[in-house]
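> Give me a 3D structure for the following:
(chains A and B)
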Amino acid sequence: MSATPGGLITAPVPRSRRQIWSLGGGKGGIGKSLLAASLGWQLSRMGKRVILIDADLGGANLHTCLGFANPPERTLGDFIRRRVERIEDVAVETGFTGLRLISGASDFLGAANIKYPQKVRVLNRIRGLDVDVVLMDLGAGTAFNIIDFFLISDVGILTVVPEPTSIENAYRFIKSALYRRLRGAATTENVKEIIESALDQKNANGIKTPLDLLRAVEREDPGAVDSLRKEMAAFHPRFVVNQVRGDADIPVGHQLVTACARHLGIRSTYAGFVHYDDAVWQCVRRRRLFVAEAPGSTPAVEVAQLARALIRNESLPLSW
Amino acid sequence: MDCETLYDVLGVSRRATRDQIDKAHHFLRQMYDDVSLATYSLLDPEEKRATRARVNHAYEVLGDPVRRREYDVSLDPTPQEKTSQTVLSFPPGAPSAAGPSPPRPESSGPATILKGPVTGEHLRRLREQKGVSLQTISTSSKIGVRFFEYIEADRHSHLPARVYLRSFLQEYAKALGLDPNGVADAYIARLPKA
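A predicted model of the protein is given here:
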């Protein structure tokens, strides 16, 4: 503690634990990158030191959402291919205080298929970044690269829009990610085989959900079930419903959480929702970040609420 | 699941109010609807139908005070009167679909004491004198209007078990500014011994 000239006592600001957040969603075109940029901006505005990582290798456009006129010259690809030794050195300033960007832009298409040792190196270095929050924008789909980034995160955020295709992909993403996590935790070949069989929706074991999977493991190898249950309990995706167009879309997040718990045995959280607004897209066209241009607008306020809920690990309450 | 109760099916606690049960049912009905987004691709139509049937069955039982009490007894065969009343009592802060409760007539004045046995007809006349509708009592007490109709019509075979009937009569009496215990005692005294 120290006294300032004004007589105020200031305590040192406690350094919050560094966190890795990732934003996935299985489907492209649902506003994921824009949401990542907005969330990153909001976190920096709340005093966090943030690095946004565009991990959508091959389809990167976070820099565009942030208003860059040209793609940054240094990118994550430079670090992956060892043209740059330190991951910090591919982080560029965004023009917003406290917010830097590691871009995935201008990389060869092949970058999306980085090899396992490269991936481990990237993941380790991300863990070592000296910031409060690393926010990763993952690409669409359920490729192992994407899932692995999601699984190493402290906070795994799943973006959905209220459309059947998006919901379908979100469930596919959740199951793929959980099965990959369980596969990594399995200690016997027998259990590994059961988990791998579950990835095929028409598997002979009749496994359609993680709950079925646990039952199958219990039959084959009862001693292995407890550790799988623990892995399942530690898996905790956060839902964000983006591009909400009416009140009827808001409970979709609650329904997803309920459906995950009841039918998949997965604990999840409804972190928040963001309304659709034409003004947002007009802003994108002008390459301006909407939340920074109109911080009092409904979508911006909702992004702020979302950021707070994610920091505090809160769920939107049901109204009853 | 063998141990799943009807409360689990609706996702509410054993102490849930009628209003909470209604809302939970509404939420799940939407969630398991054929056009629901949240269960799209997760459940096939047959699974949805089966789940809907379970949800509706749970609501038919828990949404009906008499059947709910019977079910509670089946869950816990030795209920204390106290716990039964807890299930029925509604916390003052519980949200009400109808907004703030309507003012209760004469609630600030001294409660009217009724003497001697009281029939449903007596109660009905008193209520009409005070200009209070059954719907008003039902809304403020969150008890189904038909139970008050049974009470006023003296349809004894339709009345719920004593502990519930007593609490319904007390609510009725309070809404009319009558002495709750007096009304309950006077009405129940006329009924055949249970």
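
> which bits of chain B sit near chain A?
Contact residues, chain B versus chain A (C-beta under 8 Å from any C-beta of the partner chain): B:11, B:19-20, B:23-24, B:27-28, B:30-31, B:36-43, B:95. For glycine as for every other residue, the C-beta is placed from the backbone atoms N, C-alpha and C.

> so of the residues you listed, which ones are in strands?
Applying DSSP state E to these, no entry is found in strands.

> Just the buried subset of these, written out for PyMOL, thanks.
Per 16 or more other C-beta atoms under 10 Å in any protein chain shown, the buried members of the residues of chain B next to chain A correspond to this PyMOL selection:
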select buried, chain B and resi 11+19+20+23+24+27+28+30+31+36+37+38+39+40+42+43
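
> contacting residues for A:Met232?
Neighbour list for A:Met232: A:178, A:182, A:210, A:214, A:265-266 [criterion: C-beta atoms under 8 Å, 6 or more residues apart in numbering or on different chains].

> Show the buried residues in these.
The buried subset of the contacts of A:Met232 - by 16+ other C-beta under 10 Å - is A:178, A:182, A:210, A:214, A:265-266.

> any chance of the residues you listed in CSV, plus secondary structure?
Listed next are the buried ones among the contacts of A:Met232 as CSV, based on DSSP: H, G, I helix; E, B strand; the rest coil:
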residue, secondary structure
A:Leu178, helix
A:Leu182, helix
A:Pro210, helix
A:Leu214, helix
A:Gly265, coil
A:Ile266, coil
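
> May I see the residues you listed organised as CSV, with pLDDT added?
Below are those laid out as CSV (pLDDT from 0 to 100):
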residue, pLDDT
A:Leu178, 96
A:Leu182, 95
A:Pro210, 94
A:Leu214, 94
A:Gly265, 94
A:Ile266, 96
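
> Find the closest residue to chain A in chain B.
Relative to chain A, the nearest point of chain B is B:Ala38 (3.3 Å; C-beta to the nearest C-beta).

> Quick one, grab the pLDDT at that residue.
pLDDT, B:Ala38: 94.

> Please apply the same query to B:Asp154.
With respect to pLDDT, B:Asp154 has a value of 88.

> For it, the count of nearby residues, please.
16 (other C-beta atoms under 10 Å in any protein chain shown).

> residue contacts, it?
Neighbours of B:Asp154 in contact, by C-beta under 8 Å, 6+ apart: B:119-121.

> Any stretches of the chain with poor pLDDT?
Unless you meant another one, I'm taking chain A. A:1-16, A:58, A:106-113, A:319-320 (pLDDT under 70).

> Correction: the question concerned chain B.
Those would be B:1-2, B:78-116, B:194, if you go by pLDDT under 70 across chain B.

> make it 80
For chain B, the stretches with pLDDT under 80 are B:1-3, B:76-117, B:142, B:163, B:192-194.

> Got the phi and psi for the residue minimising distance to the centre of it?
Nearest to the mean C-alpha position of chain B, by C-alpha atoms, centre = their mean, lies B:Ile143 at 4.0 Å. As for B:Ile143, its main-chain torsions (degrees, to the nearest 10) stand at phi -110, psi 140.

> so it makes contact with B:Leu169?
No - between B:Ile143 and B:Leu169 there is no contact under C-beta atoms under 8 Å: 10.3 Å.

> Could I get the contacting residues of the residue of chain A found nearest chain B?
Taking C-beta to the nearest C-beta, chain B has its nearest neighbour within chain A at A:Gln255, 3.3 Å off. Neighbouring residues of A:Gln255 by C-beta under 8 Å, 6+ apart: B:27, B:30-31, B:36-39.

> got a list of what the residue lying closest to B:Ala153 once chain neighbours are set aside touches?
Spatial nearest neighbour of B:Ala153, excluding adjacent residues (C-beta to C-beta, 6 or more residues apart in numbering or on different chains): B:Gly120 at 5.7 Å. The contact partners of B:Gly120, taken as C-beta under 8 Å, 6+ apart, are B:151-154, B:187.

> on that earlier part again, keep only the buried ones among the contacts of A:Met232 that also lie close to chain B.
Of the buried ones among the contacts of A:Met232, not one also sits near chain B (C-beta under 8 Å from any C-beta).

> which residue ranges form the helices in the chain?
Reading this off chain A. A:32-45, A:62-65, A:76-80, A:116-127, A:144-152, A:164-185, A:189-199, A:210-220, A:225-234, A:251-259, A:278-285, A:290-293, A:298-312 (DSSP state H).

> please go with chain B instead
B:6-10, B:18-31, B:45-62, B:65-75, B:81-88, B:120-130, B:134-141, B:145-152, B:162-175, B:180-189.

> Quick check: buried residues in the shortest one?
This points to helix B:6-10. Those would be B:6-7, B:9-10, for helix B:6-10 by 16+ other C-beta under 10 Å.

> Name the nearest of those residues relative to A:Phe68.
Nearest to A:Phe68 out of the buried residues of helix B:6-10 is B:Leu10 (C-beta to C-beta; 51.0 Å).

> Spit out the contact partners of the residue nearest to the closest one when sequence neighbours are not counted.
In this structure, B:Leu10 finds its nearest non-sequential neighbour in B:Ala24, 4.5 Å apart by C-beta to C-beta, 6+ apart. Residues in contact with B:Ala24 (C-beta under 8 Å, 6+ apart) are A:320, B:10-12, B:16.

> can you tell me how far the closest residue to B:His156 other than its chain neighbours sits from A:Trp281?
Spatial nearest neighbour of B:His156, chain neighbours left out: B:Leu191 (6.0 Å); criterion: C-beta to C-beta, 6+ apart. Plainly put, B:Leu191 is 69 Å away from A:Trp281 if you go by C-beta to C-beta, to the nearest Å.

> A:Ile174 too?
Distance, A:Ile174 to A:Trp281, using C-beta to C-beta: 28 Å.

> More neighbours: those two, which one.
A:Ile174 (25 against 12).

> Now do the contacts for the more buried one.
So A:Ile174 contacts A:158, A:237, A:260, A:264, A:266, A:268 (C-beta under 8 Å, 6+ apart).

> Please identify the most buried of the helices of chain A.
helix A:32-45 (a mean of 26; mean count of other C-beta atoms under 10 Å in any protein chain shown).

> hey, C-alpha coordinates of that one in CSV?
Presented in CSV, the C-alpha positions along helix A:32-45 are these (Å, rounded to 0.1, in the frame of the first residue of the first chain):
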residue,chain,number,x,y,z
LYS,A,32,-17.6,-15.7,-34.2
SER,A,33,-14.7,-13.5,-35.3
LEU,A,34,-16.6,-10.3,-34.7
LEU,A,35,-17.7,-11.5,-31.3
ALA,A,36,-14.1,-12.4,-30.5
ALA,A,37,-12.9,-8.9,-31.5
SER,A,38,-15.7,-7.3,-29.5
LEU,A,39,-15.1,-9.4,-26.5
GLY,A,40,-11.4,-8.7,-26.6
TRP,A,41,-12.0,-5.0,-26.9
GLN,A,42,-14.5,-5.2,-24.0
LEU,A,43,-12.0,-7.1,-21.8
SER,A,44,-9.3,-4.5,-22.5
ARG,A,45,-11.7,-1.7,-21.7
